[in-house]
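Q: I would like the atomic coordinates for the input below:
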Amino acid sequence: MDAGLPADRTFRVPQQERGQRRVAQILDAAAEVILAHGVGGATMQLIAERAGASAGSLYHFFPNKDAVLESLGAQYADRARRRNEEAMPFSLVHLEPDALFDRVLRGQMAFLEETPAFGAVQEAVERNCPAIFDALNQAVVGHVGQFLALRYPRMPEPQRLASAMVSVSTVLAIVGLAGRLPPTMREPVIREGKAMLAAHFGAADARFGIGSAASGDLHGQA
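A: Numbering: from 1, shown residues only. Next comes the predicted model:
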């Protein structure tokens, strides 16, 4: 997935390693400022101070706060995409549904715990630049669709697409709900969500059977 910014809002992409490190520091600082002050309270000055940079250095890479948010959102979207692909590589196409969705749900929960500013950044970016998270959704649905094509070669293509879209939306809803709840309630929600998804795909296993094997090329993407 290309989770980059639209051309008219692109921040300056550094070519040298030093500049790349500086951009990474700025984005990490932006996440910390957002956690401390919220998106509305996160100013360019506060971000620069947290990053240990001058305001001029910050503006050298980012023309405004929206560009910082969108860059951070693109980074988070790419991480979420990769986490999903790691949770369900094509080599695990035969995995039992319960084990499969345990990997998927816990992988996404771990991502949220590692990136606590994700929710606030996602909300701001979806409001101002929804293409970033639209691209994430399309990429994840595409990957899940390929996974289902290997698992259920006899399932009609329109049904596979619908199943991929519903599965992705369901996982996002379950993880989003768990993330908003107190820690003591997260595990029960994840268990219930996993049971629901496993039951659905268990029924699909019984109806369509599981594909005999993934190709060697796909297997290599594990």
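Q: Look at Met1 and report its pLDDT.
A: With respect to pLDDT, Met1 has a value of 33.
Q: again with Ala214
A: 44.
Q: mind listing what the residue most central in space within the chain touches?
A: Geometric centre of the chain, nearest residue: Ala80, 2.2 Å, by Cα atoms, centre = their mean. Neighbouring residues of Ala80 by Cβ atoms under 8 Å, 6 or more residues apart in numbering: 108, 111, 118, 136, 140. (Glycine included, C-beta is placed from N, CA and C.)
Q: in the host helix or strand of the last one, what counts as buried?
A: In this assignment (DSSP states H and E), Val140 forms part of helix 131-151. For helix 131-151, burial by neighbour count (16 or more other Cβ atoms under 10 Å) applies to 132-133, 135-137, 139-141, 143-151.
Q: can you give me the offset of that helix from its chain's centre?
A: Computed by Cα atoms, centre = their mean, to the nearest Å, the chain-centroid distance of helix 131-151 equals 11 Å.
Q: What is the subsequent helix or strand relative to it?
A: That would be, after helix 131-151 and using DSSP H and E, helix 157-180.
Q: got the contact list for that following helix?
A: 101, 104-105, 108-109, 112, 119, 137, 140-142, 144-145, 148-149, 152, 155, 185-186, 189-190, 193, 196-197, 204.
Q: got it, and stretch 136-153?
A: Against stretch 136-153 from outside (Cβ under 8 Å, 6+ apart): 1, 3, 77-78, 80-81, 84-85, 88, 90, 93-94, 155, 157, 160-161, 163-165, 167-168, 204, 208-211, 214-215, 218.
Q: are any of those buried, and which?
A: For those, buried by 16+ other Cβ under 10 Å: 1, 3, 77-78, 80-81, 84-85, 88, 90, 93, 155, 160-161, 163-165, 167-168, 204, 208, 210-211, 214, 218.
Q: What pLDDT is listed against Gln122?
A: pLDDT, Gln122: 87.
Q: got the residue ranges for the helices in this protein?
A: Assigned helices in the chain, in chain order: 17-41, 44-51, 55-61, 65-87, 97-114, 118-128, 131-151, 157-180, 183-208, 216-219 (criterion: DSSP state H).
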